[in-house]
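Visitor: Sequence and computational prediction follow.
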Amino acid sequence: MYESRERAKLSIIILLLLLILGVLIFAAVSTIQAVRSFQHQYSAVKVGDVSTVHPWMTLHVISHIYHVPEDYLDHSLPVGNADLLRHGTLYEIANRKRQPVEQVVHTVQQTILKYRKEHSSFLTPLLVLPANIEPFSSMPGRINC
């Protein structure tokens, strides 16, 4: 009888350990997927992809990320409340204008693209090294081999 209790306890402990291991694996996979998604979103933002504009963003944040003057964005979404325009999310602006949030996001995306088209001569090109030039060594006086 004592032996059967010990086996039951051991079985429960093993079952709990396997359950914890399963939860740990699930959490690790979810974390890896979230990191990859974040990296993809970050690289898309770095290259200026307007598809990364989301309803939770404010015009102030969008202005900063996409290098478009806030005033320029303000004129594309006339609301009348300057504080709402600066600090309100696109979702809140859509509610105020009684428009679908997708329409407001699309308007902001089109405004960013329009600004870039109008001011493309002021944008500086990215520095690209020719393929045959190697980067400098991280240690002065050393040559990369």
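Guide: Arrived safely, thanks for sending. These numbers come from a predicted model, not from an experiment.
Visitor: could you give me the average pLDDT of stretch 74-81?
Guide: The average pLDDT within stretch 74-81 is 79.
Visitor: Can you give me the buried ones in it?
Guide: Neighbour counts using 16 or more other Cβ atoms under 10 Å place D74, S76, L77 of stretch 74-81 among the buried residues. C-betas here are computed from N, CA, C, even on glycine.
Visitor: The first one contacts L59, doesn't it?
Guide: Looking back up the chat, that one is D74. Yes - here D74 reaches L59: they are 6.7 Å apart, a contact under Cβ atoms under 8 Å.
Visitor: Can you give the domain ranges for the protein?
Guide: 1-47, 49-122 (automatic domain parsing).
Visitor: Show me what the longest helix belonging to the chain is packed against.
Guide: Longest helix in the chain, counting residues (DSSP state H): helix 2-46. When contacts are defined as 3 or more Cβ pairs under 8 Å, 6 or more residues apart in numbering; DSSP states H and E, helix 2-46 packs onto no helix or strand at all.
Visitor: let's see it at 10 Å
Guide: helix 59-66 (3 or more Cβ pairs under 10 Å, 6 or more residues apart in numbering; DSSP states H and E).
Visitor: Quick check, pLDDT for the residue nearest the centre of the chain.
Guide: For the chain, the residue nearest the mean C-alpha position is Q41 (4.2 Å; Cα atoms, centre = their mean). pLDDT for Q41: 83.
Visitor: cool, and V104?
Guide: V104 is given a pLDDT of 92.
Visitor: right, and the helix or strand after the helix or strand of the chain with the lowest mean pLDDT?
Guide: Every helix and strand in the chain was compared by mean pLDDT, DSSP states H and E; the lowest is helix 82-87, with a mean of 71. Downstream of helix 82-87, the next assigned helix or strand under DSSP states H and E is helix 90-97.
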